[in-house]
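Visitor: Okay, here's the prediction I keep looking at, along with the sequence it came from:
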Amino acid sequence: MKTTITANGIAINYRLDGPVGAPVVMLSNSLMSNYTMWDDQMPLLAATYRVLRYDQRGHGGTEAPVGSYSIEQLTTDAVALIEALGITAVHFVGLSMGGFTGQLLAMDYPDKVRSLCLCDTACAMPPSSLWQERIDIARRDGVAALMPATLERWFTKKFRESGDPRLDKVREMILGTEVDGYIGCAAAIRDMDLCGRLAEIASPTRVIVGADDPACPPAYAQTLHQGIAGSSLVVLPDAAHLPNIEQTQLFNEALREFLAGGA
Ligand SMILES: O=C(O)CC1=CCC(=O)O1
């Protein structure tokens, strides 16, 4: 289903589920995915919350302008979407790139953030040369060339070899990412460093990470946890970069408990 709204100068693809009038939980996707990456969280969340899912700039059904994007742009996209839908403030849940957006949202637009859940993310992802290499590969060979290494970062070997049917959907998501969208977002990640500003985050915050995440490892989550006053940290066993898919029950429980905490 494609529902778009023009905000921040681009068409943003989004979906609303759950009871009208309930507190809004906004879910923000990672690089090379789209809002369906949250499908396993929907039965839990939509029973209690109004859930706003959207595709970040360059991903899924959202427009993919040519050129480098910035983390500021990804953040003002989220702000513009919230405002265009007439929402006052959200419980923001972002995974990886979604977590970068969430951090800057909480820093620059604190009134829009009731709480913040940062999943498998970081305040910076050096070295910038790594992102430039990936950009060059995508430009030359397309996003398919990035798929094998991406799957290795996203899931443990055990899960990759499990034959879980959700892996096919994940492959489709990766292949469905427009090259311009990948390049634009990878440039935003290459150029991002929010580490010096973590103390500005005042929203109630939970940090979640897969114990075996090689992309945003637990050490990065520790940096977030230590830098954000009052935050809590949950490390999920037997999961890599996408624990919301690989360890759905544990991830959902960590999220449910946090959201129910009255944040
Ligand atoms: O795909 C990866 O390797 C890791 C990643 C960085 C930003 C993001 O969203 O995923």
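Guide: Good, I have the coordinates.

Visitor: secondary structure class for Ser115?
Guide: strand (DSSP: H, G, I helix; E, B strand; the rest coil).

Visitor: residues contacting it?
Guide: With contact taken as C-beta atoms under 8 Å, 6 or more residues apart in numbering, Ser115 is in contact with His91, Phe92, Ser203, Pro204, Thr205, Arg206, Phe258, Leu259, Ala263. Every C-beta, even on glycine, is put in place using the N, C-alpha and C of the backbone.

Visitor: you'd agree the third one is up against Leu118?
Guide: It stands for Ser203. No. Distance between Ser203 and Leu118: 10.4 Å, which falls outside the contact criterion (C-beta atoms under 8 Å).

Visitor: So which of the two has more stuff around it?
Guide: More crowded of Ser203 and Leu118, by other C-beta atoms under 10 Å: Leu118, with 32 against 23.

Visitor: first to last residue in stretch 156-176, what's the distance?
Guide: For stretch 156-176, the first-to-last residue distance is 22 Å (C-alpha to C-alpha, to the nearest Å).

Visitor: Show me which residues of it are buried.
Guide: Counting neighbours by 16 or more other C-beta atoms under 10 Å, one finds that the buried residues in stretch 156-176 are Thr156, Phe159, Arg160, Arg166, Leu167, Val170, Met173, Ile174, Gly176.

Visitor: Quick one: check that stretch for contact with the ligand.
Guide: No. Contact of stretch 156-176 with the ligand (C-beta under 6 Å from any ligand atom) is absent, the minimum separation being 9.1 Å.

Visitor: Out of the contacts of Ser115, which comes closest to the ligand?
Guide: Closest approach between the contacts of Ser115 and the ligand, by C-beta to the nearest ligand atom: Phe92, at 15.2 Å.

Visitor: next SSE after the helix or strand the closest one falls within?
Guide: Using DSSP states H and E, Phe92 maps to strand 90-95. Elements were assigned by DSSP H and E; along the chain past strand 90-95, the next helix or strand is helix 97-108.

Visitor: Report the distance from that following helix to the chain centre.
Guide: With C-alpha atoms, centre = their mean, to the nearest Å as the basis, the distance from the averaged C-alpha position of helix 97-108 to the chain average is 9 Å.

Visitor: what packs against it?
Guide: On a contact count with 3 or more C-beta pairs under 8 Å, 6 or more residues apart in numbering; DSSP states H and E, helix 97-108 meets strand 24-28, helix 71-84, strand 90-95, strand 113-119, helix 179-190.

Visitor: Any chance of the ones you listed in CSV with distance to the ligand and mean pLDDT as columns?
Guide: Rendered in CSV, the data for the helices and strands packed on helix 97-108 read as follows (distance: least, C-beta to the nearest ligand atom, whole Å; pLDDT from 0 to 100):
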stretch, distance to the ligand, mean pLDDT
strand 24-28, 10, 99
helix 71-84, 11, 98
strand 90-95, 7, 99
strand 113-119, 10, 98
helix 179-190, 5, 98
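
Visitor: Turn those into a markdown table, including distance to Pro126.
Guide: Output for the helices and strands packed on helix 97-108, formatted as a markdown table (distance: least, C-beta to C-beta, whole Å):
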| stretch | distance to Pro126 |
| --- | --- |
| strand 24-28 | 22 |
| helix 71-84 | 14 |
| strand 90-95 | 20 |
| strand 113-119 | 18 |
| helix 179-190 | 9 |
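
Visitor: Enumerate the positions of the strand or helix carrying Ile137 that are buried.
Guide: Assigned by DSSP H and E, Ile137 falls within helix 128-141. By neighbour count, with 16+ other C-beta under 10 Å as the criterion, the buried positions of helix 128-141 are Trp131, Arg134, Ile135, Ile137, Ala138.

Visitor: That helix packs against which elements?
Guide: Using 3+ C-beta pairs under 8 Å, 6+ apart, helix 128-141 sits against helix 179-190.

Visitor: what's next to the helix it packs on, contact-wise?
Guide: The set of residues that contact helix 179-190 without belonging to it, under C-beta under 8 Å, 6+ apart, is 31-32, 56-59, 62, 64-71, 73-74, 97, 100, 125, 128, 131-132, 134-135, 138-139, 142-143, 146.
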